[in-house]
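Novice: Could you look at this predicted model? Sequence included:
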Amino acid sequence: MQLLKLGGSVITVKSRYRYFLQKTTRNIMHELLKIKGEVILVHGGGSFGHIKAREYGLNGSPALSSHNGISIVHRDMVDLNQKIIEVMLSEGLYGIGMPPSSFPDPFQPPYELISNYLKAGLIPVTFGDVFIRNGNSGIISGDDLMLALATHFKPERVMFLSDVDGIYDKNPKTHSNAELRPMVRGNEIFEISGEDVTGGMGKKLNVMSKIAKAGIPVYLINGKRPERIWDIGRSHFIGTVIN
Ligand code: ATP
Ligand code: IP8
């Protein structure tokens, strides 16, 4: 089994509300089509999640004013999820959307149901979403779901697709002299900047190192160059392996 996250920065333009990158998503699906065996997909929020979640202050106790926000962010995320599934269908991949806000515990995906979908030849596609638990509302990140799914299913490998070539010693978008790190140890400290509502690259690095500690190979790859997934393990691979 392979577990893969489509980062919101790859499939949307994060600064433009609800701006979906259909062609980029199609290119990724084109590569996924060639993967033999089971695949579970997770996607992030990008501009369908983070902009309104920030605007409505979604985390902490649900305030009256945030009910509107919960509903709007969820609607937008389901819309993004269905746009992705539409692209998958056009490529001959059969995805099935699984919103965490409908899970009994959003942080524990329904593993048995996921297994049943996989057995039926479907690709479960879950995603960062809103949730309400013990009277508190919040946002569950696709990265949280990656950790839960990796811990439970122990896939052969875990891939995070983002809009950068890998992890750099500093944010490559703001530092032209940033250097790509082909290999990263979980406890290394990096200069991380540009956090979104779920913690950006800092949170991702934390989640990736937890998965790596469980003995599962983890990679950060540029989703704008999805064919690079086939170079994993080769000397010319461009990306970062976390261990
Ligand atoms: P989403 O959270 O919407 O799913 P994503 O998973 O694609 O998006 P982001 O949280 O947007 O990922 O994180 C990717 C961004 O992290 C990059 O666009 C980059 O600008 C930023 N970043 C900050 N520090 C670093 C770093 N040291 N190395 C690489 N990228 C970094
Ligand atoms: O982009 C956050 O998921 P992430 C989803 O994977 C929302 O961190 C709704 C902002």
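Specialist: Received the coordinates, thanks. Numbers count the residues shown, from 1 in each chain. Ligands and ions are numbered 1, 2, ... in the order given.

Novice: contacts, neighbours, all on C-alpha from now
Specialist: OK.

Novice: got the residues of this protein near ligand 2?
Specialist: 8, 44-46, 49-50, 53, 73, 128-130, 139, 141-143, 198 (C-alpha under 6 Å from any ligand atom).

Novice: residues touching residue 1, list them.
Specialist: The contact partners of residue 1, taken as C-alpha atoms under 8 Å, 6 or more residues apart in numbering, are 37-40, 155-157.

Novice: ok, of those residues, which come out buried?
Specialist: 38-40, 155, 157 (16 or more other C-alpha atoms under 10 Å).

Novice: Any regions of the chain where pLDDT drops low?
Specialist: 186-187, 189-191, 193-194 (pLDDT under 70).

Novice: Tell me where it has strands.
Specialist: Applying DSSP state E to the chain gives strands spanning 2-6, 39-43, 95-98, 123-127, 129-133, 136-140, 157-162, 167-168, 180-181, 183-184, 218-222, 240-242.

Novice: want to throw the ones you listed into a markdown table with distance to ligand 1?
Specialist: What follows is these, written out as a markdown table (distance: least, C-alpha to the nearest ligand atom, whole Å):
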| stretch | distance to ligand 1 |
| --- | --- |
| strand 2-6 | 7 |
| strand 39-43 | 6 |
| strand 95-98 | 16 |
| strand 123-127 | 9 |
| strand 129-133 | 11 |
| strand 136-140 | 11 |
| strand 157-162 | 4 |
| strand 167-168 | 4 |
| strand 180-181 | 8 |
| strand 183-184 | 11 |
| strand 218-222 | 9 |
| strand 240-242 | 10 |
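
Novice: And the longest helix seen in the chain, what's buried?
Specialist: Across the chain, the longest stretch assigned as helix under DSSP state H is helix 64-90. Under the neighbour-count criterion of 16+ other C-alpha under 10 Å, helix 64-90 has 66, 69-70, 72-78, 80-88 buried.

Novice: returning to what we had before: can I get the contacts of residue 1 in CSV with distance to residue 234?
Specialist: As requested, the contacts of residue 1 are exported to CSV (distance: C-alpha to C-alpha, whole Å):
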residue, distance to residue 234
37, 21
38, 23
39, 22
40, 24
155, 20
156, 17
157, 15
